[in-house]
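Asks: Got a predicted structure plus its sequence, pasted below:
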Amino acid sequence: MKAKSINGDATASFKSALDKSMADGYKPTLAFVFLTELNDIDEVRAIMDSKGILIFGASTSEKFTDQGMEPTGIVALLLDMNPNHFKVEFKDFSDDSVYESSFNVGKSGKHNFDHPAFIISVADISLAGEDIIRGLLDAAGENVPVIGGMAGESQQFTAAVFTNQFKSNCGLITVILDEDKIDVKGIAVSGWKPVGTEKRITKCDGTWVYTIDNEPAMDVINKYLGKDLLVSEQAEGLVRLNINYPLQVERSPGKPMMRPLILWNTANQSVMVGGPIEEGSRFRFSLPPDLEVIDTVIESSNKMKEHEMPEADAMLIFSCIGRFSSLGPLVSAELDGLAATWNKPTAGFFSLGEFGKLDNTRPEFHGTTVSWVALKEK
């Protein structure tokens with residue numbers, strides 16, 4: 001399988017880049033397309049339709065290829081994968097529940113391939129990422145690979161996912177891969193270092209934490225983060241919090257689950273985190289990110305190359321938008337380090353939540369992580 005990455009600052013330059021990539025006879029069958037302007041979707045779809053290329057599309061504020069970051073415009077990872085080795089699925093959540101839609105995608109995966117793998121993106125940050133994972137795994141099996149990221153920009157949270165025929169601001173886009181024909185290797189990794197003593201969630205409901213060690217959640221969190229916690233001067237209502245200091249929730253077994261702080265409800269001192277959390281869960285706070293965070297992420301791909309996948313054809317990266325804001329210019333070093341592992345065409349975007357495996361356990365929904373996947377046609 002041959003891959004190429006392209007980009008354009010508008011649809012005209014994107015089409016020109018696509019034409020140039022195909023001038024040597026290259027005929028891609030699948031494109032992972034990430035763009036900023038929702039108004040570009042229809043034109044991009046028309047461009048891809050004219051070339052007979054199937055689309056996995058998602059909107060985002062920040063995206064990148066192995067050629068660097070692209071704050072505007074359109075990027076794509078082109079693959080000339082055998083069409084018999086993959087299937088594009090699209091589900092609008094207005095048709096079925098999140099769980100039912102995801103279950104049906106998982107069911108389709110098992111119907112089409114003995115060993116399916118799922119690359120996904122989701123529009124609508126209000127949806128429960130765990131429901132999507134649960135639906136896929138209940139239908140396809142606990143150990144199937146699931147890799148991806150939530151679409152959308154980080155200010156108004158507007159988002160869309162799209163294929164050649166469909167688009168939605170509340171839906172699921174999936175490329176189902178045949179693992180008997182496509183080698184799929186990836187992992188979700190954070191790198192954030194824990195600090196302080198272990199604490200316990202004593203009252204919570206879904207993503208809202210009310211008490212920690214039987215004290216109001218915000219009181220406990222504020223003792224650690226203080227002024228670094230707030231991202232605005234707003235003092236009442238629902239106040240946005242600094243997502244760069246995630247709670248590291250213990251898992252048994254396995255690495256901690258990152259749950260970034262999202263909102264503070266000043267009326268009752270509760271805090272919303274970036275994913276469901278169970279009462280009784282134990283966690284530690286996180287240190288501010290440093291260069292070791294980047295080293296940990298790059299090490300994850302180097303280990304995969306050394307022990308499981310010496311060669312790859314292409315790479316996709318879904319990195320939390322919180323990493324973009326917290327690492328600043330250093331985030332380029334993280335992305336460049338991952339892309340350099342196999343030195344093959346790469347594309348991805350900064351997401352509002354990530355899907356993947358932290359270790360050898362089941363795939364899960366995360367925050368402040370990088371979920372990456374390398375692909376090679378057998």
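Replies: Cool, got the structure.
Asks: switch to C-alpha atoms for all contacts and neighbour counts from now on
Replies: Will do.
Asks: Where does the record place the domain boundaries for the protein?
Replies: When the chain is parsed with automatic domain parsing, its domains come out as 3-189+291-377, 194-286.
Asks: how long is stretch 340-352 from one end to the other?
Replies: End-to-end distance of stretch 340-352 (Cα to Cα, to the nearest Å): 25 Å.
Asks: Over to stretch 209-223?
Replies: Start-to-end, stretch 209-223 (Cα to Cα) is 16 Å.
Asks: Go through the domains of the chain and pick out the most buried.
Replies: Greatest average neighbour count among those goes to domain 3-189+291-377 (a mean of 21), per mean count of other Cα atoms under 10 Å.
Asks: pretty sure Asn222 contacts Pro216?
Replies: No: contact criterion Cα atoms under 8 Å: Asn222 and Pro216 do not qualify, at 10.2 Å.
Asks: Would you single out the least confident of the domains of the chain?
Replies: Out of the domains of the chain, domain 194-286 stands lowest, with a mean of 87 (criterion: mean pLDDT).
Asks: For that domain, measure first residue to last.
Replies: 4 Å.
Asks: quick one: contacts for Phe56?
Replies: By Cα atoms under 8 Å, 6 or more residues apart in numbering, Phe56 lies in contact with 30-33, 88, 161-163, 173-175.
Asks: and Phe32, that's in a helix?
Replies: No: assigned with DSSP: H, G, I helix; E, B strand; the rest coil, Phe32 falls outside any helix and is strand.
Asks: what separates it from Lys167, distance-wise?
Replies: 14 Å.
Asks: Identify the residues contacting Leu127.
Replies: Val98.
Asks: helix, strand or coil for it?
Replies: Applying three-state DSSP: Leu127 is coil.
Asks: and the gap between it and Gly353?
Replies: 11 Å.
Asks: And Thr197, by the same measure?
Replies: Taking Cα to Cα as the criterion, Thr197 is separated from Gly353 by 26 Å.
Asks: One more: Glu198?
Replies: In terms of Cα to Cα, Glu198 sits 24 Å off from Gly353.
Asks: same question, Asp180
Replies: 29 Å.
Asks: The helix ranked longest in the chain - contacts with which helices or strands?
Replies: Longest helix of the chain, by residue count under DSSP state H: helix 291-307. For helix 291-307, the packing partners by 3 or more Cα pairs under 8 Å, 6 or more residues apart in numbering; DSSP states H and E come out as strand 182-189, helix 331-342.
Asks: who does the first one pair up with?
Replies: For strand 182-189, the paired strands and their directions (DSSP bridges) are strand 370-377 (antiparallel).
Asks: Now do the contacts for Ala23.
Replies: With Cα under 8 Å, 6+ apart, Ala23 has no contacts at all.
Asks: would you say it is within a helix?
Replies: No: read with three-state DSSP, Ala23 is coil and lies in no helix.
Asks: where do the strands sit along the stretch 1-150 of the chain?
Replies: Ranges of strands in the stretch 1-150 of the chain, per DSSP state E, counting those that start in this stretch, are 3-8, 30-35, 54-59, 63-65, 68-70, 74-79, 86-92, 116-123, 146-150.
Asks: Kindly report the same for the stretch 201-350 of the chain.
Replies: Under the criterion DSSP E, counting those that start in this stretch, the stretch 201-350 of the chain contains strands at 208-212, 215-216, 238-240, 247-249, 257-259, 261-265, 270-273, 282-286, 314-320, 346-351.
Asks: Other residues contacting the fourth one?
Replies: Outside strand 247-249, the residues that touch it by Cα under 8 Å, 6+ apart are 194, 256-261, 281-286.
Asks: and those as a markdown table, adding distance to Met309?
Replies: Converted to a markdown table, the contacts of strand 247-249 look like this (distance: Cα to Cα, whole Å):
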| residue | distance to Met309 |
| --- | --- |
| Pro194 | 30 |
| Pro256 | 25 |
| Met257 | 26 |
| Met258 | 27 |
| Arg259 | 30 |
| Pro260 | 31 |
| Leu261 | 35 |
| Ser281 | 35 |
| Arg282 | 35 |
| Phe283 | 33 |
| Arg284 | 33 |
| Phe285 | 34 |
| Ser286 | 31 |
